[in-house]
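Q: build the 3D model from these lines:
(one chain, ligands or ions: 1)
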Amino acid sequence: MYLILFGPPGAGKGTQAEFIVQRFGIPQISTGDILRAAVKAQTSLGLKAKSIMDAGGLVSDDVVLGIVSERLSMPDCERGFVLDGFPRTIPQADELKSILSNMNRSIDFVISLEVNNIELVQRLSGRRACSACGKGYHVVNAPPRLDGVCDICGSALLQRDDDREESVTNRLAVYDQQTAPLKAYYLSSGVLRSVDGTGSVSQIQERICSILEGQSVDNP
Ligand code: AMP
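A: Numbers count the residues shown, from 1 in each chain. So this is what the prediction gives:
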């Protein structure tokens, strides 16, 4: 199954992608995670991307497409994948289409998670993650037992640089300008499915499952 999880920053793409990985046994490909790993490892890619990411801008299409085409050529992608945070521009979507068409594949569904801007800002600004094990928290919705400390491993919780207020505003504006037009792009190819992205994580999982399990797909 070849899927795209689509939506603005804070819509829950990463959370729902984890569930899809477990339920359907396909890998999650998050361009944000790949870029953050490069920043952490201080590779030349990471050094180039860091200031753009911190400001909430988009890394160039060339760079992101290089990362994605390399990742999609790996053997674990042969039976499908769930893309999270990619594509984010029309040229990225065009290039994805041509990479897949060379593999005789196509996207089965684009699941668009719909969440209003007030809730997105509230979700992003309260988001924290453990600096050691990566477990995610939210200061209001899913707080740790002890303020600022991971329940699992006791390490400090950190806020992503791009979850600070100035970056969040920019990320939402960039989404509206450059990424939201992809909804019309995928609507016209018949694969877009809009899902209410509010409510509990399990409610949203059920909505996604009713789409993925309710329909047969052409790709094996
Ligand atoms: P995310 O974790 O998906 O919110 O991505 C974090 C940041 O990584 C974004 O704000 C961008 O700066 C960069 N990024 C991730 N995916 C892409 C992409 N497909 N195109 C351009 N930049 C990206």
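Q: can you confirm S112 is in a strand?
A: Yes: assessed by DSSP: H, G, I helix; E, B strand; the rest coil, S112 belongs to a strand.
Q: got the CA coordinates for the host helix or strand of Q22 in CSV?
A: In this assignment (DSSP states H and E), Q22 forms part of helix 13-24. C-alpha atoms of helix 13-24 as CSV (Å, rounded to 0.1, in the frame of the first residue of the first chain):
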residue,chain,number,x,y,z
LYS,A,13,0.8,12.8,10.8
GLY,A,14,3.7,11.3,12.8
THR,A,15,1.4,9.8,15.4
GLN,A,16,-0.9,8.3,12.8
ALA,A,17,2.0,7.1,10.7
GLU,A,18,3.3,5.0,13.6
PHE,A,19,0.0,3.3,13.9
ILE,A,20,-0.1,2.6,10.1
VAL,A,21,3.4,1.1,10.3
GLN,A,22,2.2,-1.3,13.0
ARG,A,23,-1.1,-2.2,11.5
PHE,A,24,-0.1,-2.6,7.9
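Q: which is the next helix or strand following that helix?
A: strand 28-30.
Q: so does the helix or strand just after that following strand get close to the ligand?
A: Following strand 28-30 in sequence order, the next helix or strand is helix 31-40 (DSSP H and E). Yes: applying Cβ under 6 Å from any ligand atom, one finds helix 31-40 in contact with the ligand at T31, G32, L35. In short, each C-beta sits where N, CA and C put it, glycine included.
Q: give the rounded mean pLDDT of helix 31-40.
A: Taken as a whole, helix 31-40 has an average pLDDT of 94.
Q: got a list of contacts for it?
A: For helix 31-40, the surrounding residues in contact (Cβ atoms under 8 Å, 6 or more residues apart in numbering) are 14, 45-47, 49-50, 53, 59, 64, 67-68, 71, 83-86, 88.
Q: do the same with stretch 57-69
A: By Cβ under 8 Å, 6+ apart, stretch 57-69 touches 29, 31, 34-35, 45, 48-49, 52-53, 83, 86, 88-89, 91-92, 95-96, 99, 170, 174, 178.
Q: for PyMOL, write the select line for the buried members of the contacts of helix 31-40.
A: In PyMOL, this line selects whichever of the contacts of helix 31-40 come out buried by 16 or more other Cβ atoms under 10 Å:
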select buried, resi 14+45+46+49+50+53+59+64+67+68+71+83+84+85+86+88
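Q: within reach of the ligand, which of the contacts of helix 31-40 are there?
A: M53, V59, V64, G85, F86, R88.
Q: among these, which are in helices?
A: M53, V64 (DSSP state H).
Q: which one of the ones next to the ligand among the contacts of helix 31-40 is nearest to the ligand?
A: In terms of Cβ to the nearest ligand atom, no member of those lies closer to the ligand than G85, at 3.0 Å.
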